[in-house]
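*Asks:* here is a sequence together with a model predicted from it:
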Amino acid sequence: MTELDRLIPTPRMVEIDRVDLGAAAPRVWDAIRHGDLGRTPLIRALFAIRTLPNRLKGAKGEPSTIRIDDLVSSPEHPGFQVLAEDAPREFAVGAIGKVWQADIPFVHVPNGEAFAAFSDAGFVKVAWAVRVAPRHEHDAHVEFEVRVDATDDDSWQKFRHYFRVIGPGSRFIRHSVLRALARELGAPETRDDQRSLPGDDLLPDAAAELTHSIDIAARPEVIWPWLVQMGCRRAGFYSIDALDNAAELSATEIHPDLQHLAVGDVIPATPEGEDGFEVVRLEAPHLLALGGLHDVDAKRQIAFASKRPERFWHVTWTFILEPLDERSTRLLVRARAAFPPSQRLHVAWIRPVHHLMQTAQLRHLANRVEGRMPREGWREVAAGAGGAAVMTAAALTPFLRGARSHWGLDEKAAARRLPGDDIIAEPRWSWTHGIEIDAPAEDVWPWVAQVGADRAGFYSYQWLENIAGCNLRNAEAIHPAWQVREGDSLLLHPQAPALPIASLVPGRHFVAHARPNASARAQGKPWIEATWLFAVEPLGPRRCRFISRYRMSCSNDLATRLSFGPIFVEPVGFAMDRRMLLGVKERAERAVRAGRALHPVGASPRA
């Protein structure tokens with residue numbers, strides 16, 4: 001556990017910068033902890049700009065030096081202060097205040113424990129830490145981590161608007177400080193791209209080589225599952241998906257069903273076809289070596305250890321995880337290639353392409369491992385806009401409500417009795433939607449059984465649901481702990497009562513029941529009642545149907561009938577429910593394809 005883990009254990013924002021320095025760790029620690037961080041006029045000028053509003057109000061000008069030792073907070077002069085220190089490895093600085101105001105009202109706290117416990121509404125807590133770890137005898141690794149949290153949502157929104165303006169300057173200052181340290185203390189004696197790495201022996205006569213690296217705030221065993229599940233038709237490559245993953249978004253979470261990899265397996269490299277990256281060495285959780293031997297004339301891949309044909313490409317792509325300290329790892333990726341002279345022209349254009357793709361992969365992978373992926377990207381926003389269009393179209397076509405009520409099913413299939421119908425024998429209105437899925441029912445059920453705002457989401461328009469305050473993330477993997485069980489309930493919204501599960505047959509269906517207020521009903525006051533059925537029906541050994549049935553009844557007063565009747569609810573319900581069905585279908589069928597993707601060299605993907 002780091003000092004920041006104690007101060008801000010659940011941050012809303014994390015930013016990390018790193019640098020390797022050509023000096024022993026004690027010297028680096030002394031330069032940062034006790035030296036002048038305003039080493040250049042540029043850095044001092046940047047600090048001065050950030051405090052310009054205060055100085056215009058008569059506050060003191062910037063000191064000629066910028067030292068950690070000078071950061072002191074008191075009840076009379078609250079501000080940033082050293083809150084924790086583990087010399088000579090880490091120290092943490094923090095402050096509590098309304099930083100979006102020109103004259104920041106800070107709050108003094110006596111120590112790190114009080115900082116962590118502070119919860120008064122209207123403030124943000126900002127803390128940053130510097131960690132120094134030896135890499136070699138004369139080299140050191142420095143990590144600069146910033147965390148921010150807010151004591152309430154309104155303060156967080158104010159900080160977000162503020163940071164859109166001040167953030168670029170803040171990042172530039174941090175980068176400038178690290179660059180100044182690098183100029184003063186020098187670069188490491190041993191560069192990663194110059195040293196021998198594990199896996200080099202797999203291709204000793206390589207004619208070309210490229211090495212990339214990134215530091216990730218996680219242990220190797222945390223990063224390893226992300227590497228194991230790579231591959232087209234699997235979790236993607238975390239790079240530029242439009243170029244190497246058929247424009248399908250790479251995974252943003254660990255997939256337990258993709259964690260089985262063995263030497264000899266071929267990780268698919270394209271959406272179709274048999275060629276890919278052969279697993280030639282695997283030493284969990286530190287080394288994953290992929291390779292390929294391609295017969296250029298025959299246009300096919302052969303086993304990595306085979307005799308080379310006359311015209312060939314022989315490549316390795318090796319991922320090495322080296323711990324830097326108890327919480328950080330350096331991921332090095334080395335690509336090596338052997339080829340005849342006739343293929344040199346190919347190398348000329350593939351080198352810059354590889355550099356672009358590899359750089360993107362490492363950056364995106366670090367974001368995933370460190371939990372810095374945005375909850376909604378442009379895909380979710382675009383999908384949400386499309387969902388809003390579907391709702392609008394449905395609202396403008398009430399005459400098509402009957403057809404929408406059995407989307408995906410014929411009228412006969414939609415009209416039959418299903419589990420839960422006895423709860424509301426005569427609903428005021430209802431829908432029964434369905435979709436056929438090319439996957440066994442037992443493979444589809446776990447996706448259905450984990451729906452809920454507090455579990456896997458609803459696989460629908462996440463952006464729209466979060467605008468409505470659901471605060472969810474649609475899962476892309478099966479989580480056994482989230483499977484519905486007897487006595488559970490279904491949460492639709494954090495601010496709404498959870499719906500008890502009235503009926504459950506594991507592997508087949510469950511029914512959530514919004515019970516009416518018995519007292520209000522008895523007194524003739526407004527009431528509502530609803531059931532929502534989720535059912536999976538086998539259609540054969542490899543096909544099934546997923547059915548969603550919603551039934552609703554309510555009191556006869558106009559306000560309730562308008563608020564919960566089909567005029568307003570059906571257009572939204574149709575769009576969201578349809579997308580949920582499609583979301584389950586996409587995930588279940590993708591999982592089936594991923595399970596068949598691995599295969600030995602020369603064999604077809606598993607049937």
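*Replies:* That came in fine, so what should we check first? Numbering: from 1, shown residues only.
*Asks:* quick one: residue 318 and residue 201 touch, right?
*Replies:* No: contact criterion Cβ atoms under 8 Å: residue 318 and residue 201 do not qualify, at 10.5 Å. (C-beta placed from N, C-alpha, C; glycine too.)
*Asks:* who's more crowded, these two?
*Replies:* Counted by other Cβ atoms under 10 Å, residue 318 and residue 201 do not tie: residue 318 has more neighbours, with 23 against 11.
*Asks:* assign a three-state SS to the more buried one, would you?
*Replies:* Per DSSP: H, G, I helix; E, B strand; the rest coil, the local secondary structure of residue 318 is strand.
*Asks:* per-residue pLDDT, the spatially closest residue to it that is not a sequence neighbour?
*Replies:* Computed as Cβ to Cβ, 6 or more residues apart in numbering, the closest residue to residue 318 that is not its neighbour in sequence is residue 199, at 3.6 Å. Note for residue 199: predicted pLDDT of 96.
*Asks:* mind listing what residue 199 touches?
*Replies:* Residue 199 makes contact with 281, 287, 289, 316, 318, 320, 334, according to Cβ atoms under 8 Å, 6 or more residues apart in numbering.
*Asks:* ok, how many other residues are close to the closest residue to residue 456 other than its chain neighbours?
*Replies:* The shortest distance from residue 456 to any non-neighbouring residue, by Cβ to Cβ, 6+ apart, is to residue 475 (3.6 Å). Residues near residue 475, counting by other Cβ under 10 Å, number 20.
*Asks:* okay, buried residues for the host helix or strand of residue 383 please.
*Replies:* In this assignment (DSSP states H and E), residue 383 forms part of helix 378-395. Residues 380, 383, 384, 387, 388, 390, 391, 394 are the ones in helix 378-395 that count as buried (16 or more other Cβ atoms under 10 Å).
*Asks:* what about residue 76, distance to residue 469?
*Replies:* 41 Å (Cβ to Cβ, to the nearest Å).
*Asks:* the more surrounded of the two?
*Replies:* Each of residue 76 and residue 469 has its neighbours counted (other Cβ under 10 Å); residue 469 has more, 13 against 6.
*Asks:* so that one: helix, strand or coil?
*Replies:* Three-state call for residue 469 (three-state DSSP): coil.
*Asks:* for the protein, which helix or strand comes out least confident on mean pLDDT?
*Replies:* In the chain, the helix or strand scored least confidently by mean pLDDT, DSSP states H and E is helix 52-56, which has a mean of 49.
*Asks:* what's the per-residue pLDDT of the residue of the chain most remote from its centre here?
*Replies:* The centre of the chain is farthest from one residue, residue 523, which by Cα atoms, centre = their mean lies 49.7 Å away. Residue 523 carries a pLDDT value of 93.
*Asks:* tell me the spacing between it and residue 557.
*Replies:* According to Cβ to Cβ, residue 523 and residue 557 sit 13 Å apart.
*Asks:* same question, residue 395
*Replies:* Distance of residue 395 to residue 557, computed by Cβ to Cβ: 23 Å.
*Asks:* name the SS class of residue 291, please.
*Replies:* Following three-state DSSP, residue 291 is assigned to strand.
*Asks:* so who does the nearest residue to residue 21 once chain neighbours are set aside touch?
*Replies:* Distance criterion Cβ to Cβ, 6+ apart; nearest residue to residue 21, sequence neighbours excluded, is residue 185 at 4.5 Å. Counting by Cβ under 8 Å, 6+ apart, residue 185 touches 21, 22, 23, 27, 28, 31.
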